[in-house]
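A.B. asks: A predicted structure for the sequence below; I have some questions about it.
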Amino acid sequence: MKALLLKDKGQWREMQVEEIEKPVPAEGEILVRVKAVGLNPVDYKTGQNGSPAWTYPHILGLDAAGEVEETGAGVTGFDKGDRVVFLADMTKKGAFAEYAIAKARTVSKLPEGVSFTDAAALPVAAYTAYQALFYKLHIQKNKTILIHAGAGGVGGFAIQLAKYAGLTVITTASEENHDHVKQLGADFAIDYNKEDFVQKTKEYTDDLGVNYVLDTVGRENATKSLEALAYNGQIAFIAGQPEMNESISFAHPISFHHVALGSVYQSENHDEEATLKSIGDHLVELLAKGEIKSLVEQVISLEEVPKGLEELETRKVKGKIVAEIN
């Protein structure tokens, strides 16, 4: 099969499409003929640092949509040709290829009305946003939330899901992306380059602060975000935990939630792995009904993936980049 090969850690910019042996599904696994695959920052980050679990050449790529080609022993409920989407296991060879392996318990089926390209935008970004909002923060209608980096993948899906759930949404984004995030459903947009997001958040909430924060930026930003939380507020973070500081006190209790979606495969907990299917099923339903958008802004070829990852590395990409595989 054709695949985009990473010859060694740190060499993701030099990846090229070459021939490699097609994988064979083991017990409980499905072989998927990949039609589209989403790009994510985790691809270049892991491509740079490598993993002790990998052998080289390795194949990156976690967001996959395509058709079932073959099922392994013990797999039921799937037939050849079924249209599916799944989050690949980052410790195994991934989906920047013509074929990829998925654990059957994690796979969601796609209705005909949802394209492979739109579906491939979901797993890393949308599944992470969903897990953070509904499994960690347990968001409630009529509450307020601050979502950082609303023009990005996780942030863009989080805005849509929070509005779907009936929240007031404040987000940070560069001024040029304010119209975009408001079209996604944000009630207020803060230019993080020019404005203090804590001050603006307090202004928008009558000085009470928000009930929830979703931080997708990093440890320093997450730490500052503690100041924007209301009494009994909660923060979910995916890019670095906030520091325990004077923002935490008996008079101002807050809760912390660590979101690490992909690590579920290392948990060896089958029930937790199956939540990926539950999340995927609901997101696909919302996409099919038009309740959320896929955020696909660019469609590229498999050969163009390294350049697409370089764009992501600038942290200025709006929405999602998806590679279609012919």
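C.D. replies: Received the coordinates, thanks. Just so we're clear, the structure is a prediction, and the values are computed from it rather than from any experiment.

A.B. asks: what about dumping the CA coordinates of stretch 202-212 to CSV?
C.D. replies: The C-alpha trace of stretch 202-212 is given here as CSV (Å, rounded to 0.1, in the frame of the first residue of the first chain):
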residue,chain,number,x,y,z
LYS,A,202,-15.1,39.7,34.2
GLU,A,203,-16.6,42.6,32.2
TYR,A,204,-18.8,40.2,30.3
THR,A,205,-20.0,38.4,33.4
ASP,A,206,-20.7,41.3,35.7
ASP,A,207,-17.4,40.6,37.5
LEU,A,208,-18.5,37.1,38.6
GLY,A,209,-16.3,35.1,36.2
VAL,A,210,-17.2,32.1,34.1
ASN,A,211,-18.5,28.8,35.3
TYR,A,212,-16.1,26.9,33.0
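
A.B. asks: now do it, average pLDDT.
C.D. replies: The pLDDT scores in stretch 202-212 average 98.

A.B. asks: buried residues, that stretch. List them.
C.D. replies: By neighbour count with 16 or more other C-beta atoms under 10 Å, stretch 202-212 contains the buried residues 202, 204-205, 209-212. Heads up, the C-betas are built off the backbone N, CA and C, glycines and all.

A.B. asks: got the residues you listed as CSV, with distance to residue 289 columns?
C.D. replies: Listed next are these as CSV, based on distance: C-beta to C-beta, whole Å:
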residue, distance to residue 289
202, 36
204, 30
205, 31
209, 33
210, 28
211, 27
212, 25
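
A.B. asks: okay, those residues in CSV with distance to residue 152 and secondary structure next?
C.D. replies: Formatted as CSV, these follow (distance: C-beta to C-beta, whole Å; DSSP: H, G, I helix; E, B strand; the rest coil):
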residue, distance to residue 152, secondary structure
202, 24, helix
204, 21, helix
205, 23, coil
209, 23, coil
210, 19, strand
211, 22, strand
212, 18, strand
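
A.B. asks: how about those, which pair is most distant?
C.D. replies: Taking C-beta to C-beta, the two most distant members of those are 202 and 212; they sit 15.1 Å apart.

A.B. asks: please, which helix or strand holds residue 321?
C.D. replies: strand 320-324 (DSSP states H and E).

A.B. asks: packing partners for that strand?
C.D. replies: strand 29-38, helix 116-119, strand 296-301, helix 305-313 (3 or more C-beta pairs under 8 Å, 6 or more residues apart in numbering; DSSP states H and E).

A.B. asks: contacting residues for the residue positioned nearest the centre of the chain?
C.D. replies: Centroid-nearest residue in the chain, with C-alpha atoms, centre = their mean: residue 125, separated by 1.5 Å. Residue 125 sits next to 38, 40, 63, 152-154, 156-157, 295, 320 when contact means C-beta atoms under 8 Å, 6 or more residues apart in numbering.

A.B. asks: pull out the buried residues from the residues you listed.
C.D. replies: 38, 40, 63, 152-154, 156-157, 295, 320.

A.B. asks: in helices, which of those appear?
C.D. replies: Mapping these onto helices (DSSP state H) picks out 153-154, 156-157.

A.B. asks: residues of the lowest-mean-pLDDT helix or strand in the chain that come out buried?
C.D. replies: Every helix and strand in the chain was compared by mean pLDDT, DSSP states H and E; the lowest is strand 254-258, with a mean of 93. Neighbour-count burial for strand 254-258, counted by 16+ other C-beta under 10 Å, picks out 254, 257.

A.B. asks: got the CA positions of that strand in PDB?
C.D. replies: Extracted as PDB, the C-alpha positions of strand 254-258 are listed here (Å, rounded to 0.1, in the frame of the first residue of the first chain):
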ATOM      1  CA  ILE A 254     -12.300  25.600  41.800                       C
ATOM      2  CA  SER A 255     -12.100  22.200  40.100                       C
ATOM      3  CA  PHE A 256      -9.400  20.900  37.700                       C
ATOM      4  CA  HIS A 257      -9.900  18.400  34.800                       C
ATOM      5  CA  HIS A 258      -7.100  16.900  32.800                       C
END
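
A.B. asks: just checking: what are the partner strands of it?
C.D. replies: strand 229-237 (parallel) (DSSP bridges).

A.B. asks: average pLDDT across the partner strand?
C.D. replies: 97.

A.B. asks: ok, and what's touching that strand?
C.D. replies: 132-133, 136-137, 144, 205, 208-215, 222, 225-226, 242, 247, 252-259.

A.B. asks: can you do 7 Å?
C.D. replies: When contacts are defined by C-beta atoms under 7 Å, 6 or more residues apart in numbering, strand 229-237 is touched by residues 132, 136-137, 208-215, 222, 225-226, 242, 252-259.

A.B. asks: which strands and helices sit next to the biggest helix by length in the chain?
C.D. replies: Ranked by residue count and defined by DSSP H, the top helix of the chain is helix 270-288. Packed against helix 270-288 by the contact rule (3 or more C-beta pairs under 7 Å, 6 or more residues apart in numbering; DSSP states H and E) you find strand 83-87, strand 108-109, helix 123-130.

A.B. asks: okay, it in PDB with CA atoms only?
C.D. replies: Extracted C-alpha coordinates of helix 270-288, given in PDB (Å, rounded to 0.1, in the frame of the first residue of the first chain):
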ATOM      1  CA  HIS A 270     -12.200  -1.500  27.200                       C
ATOM      2  CA  ASP A 271     -15.100   0.500  28.600                       C
ATOM      3  CA  GLU A 272     -13.100   3.700  28.300                       C
ATOM      4  CA  GLU A 273     -12.100   2.800  24.800                       C
ATOM      5  CA  ALA A 274     -15.700   2.300  23.900                       C
ATOM      6  CA  THR A 275     -16.500   5.900  24.900                       C
ATOM      7  CA  LEU A 276     -14.700   6.900  21.700                       C
ATOM      8  CA  LYS A 277     -17.500   5.200  19.800                       C
ATOM      9  CA  SER A 278     -20.200   6.800  21.900                       C
ATOM     10  CA  ILE A 279     -18.700  10.300  21.400                       C
ATOM     11  CA  GLY A 280     -18.200   9.600  17.700                       C
ATOM     12  CA  ASP A 281     -21.700   8.400  17.200                       C
ATOM     13  CA  HIS A 282     -23.200  11.600  18.700                       C
ATOM     14  CA  LEU A 283     -20.900  13.900  16.800                       C
ATOM     15  CA  VAL A 284     -21.700  12.200  13.500                       C
ATOM     16  CA  GLU A 285     -25.400  12.600  14.300                       C
ATOM     17  CA  LEU A 286     -24.900  16.300  15.100                       C
ATOM     18  CA  LEU A 287     -22.900  16.700  11.800                       C
ATOM     19  CA  ALA A 288     -25.600  14.900   9.800                       C
END
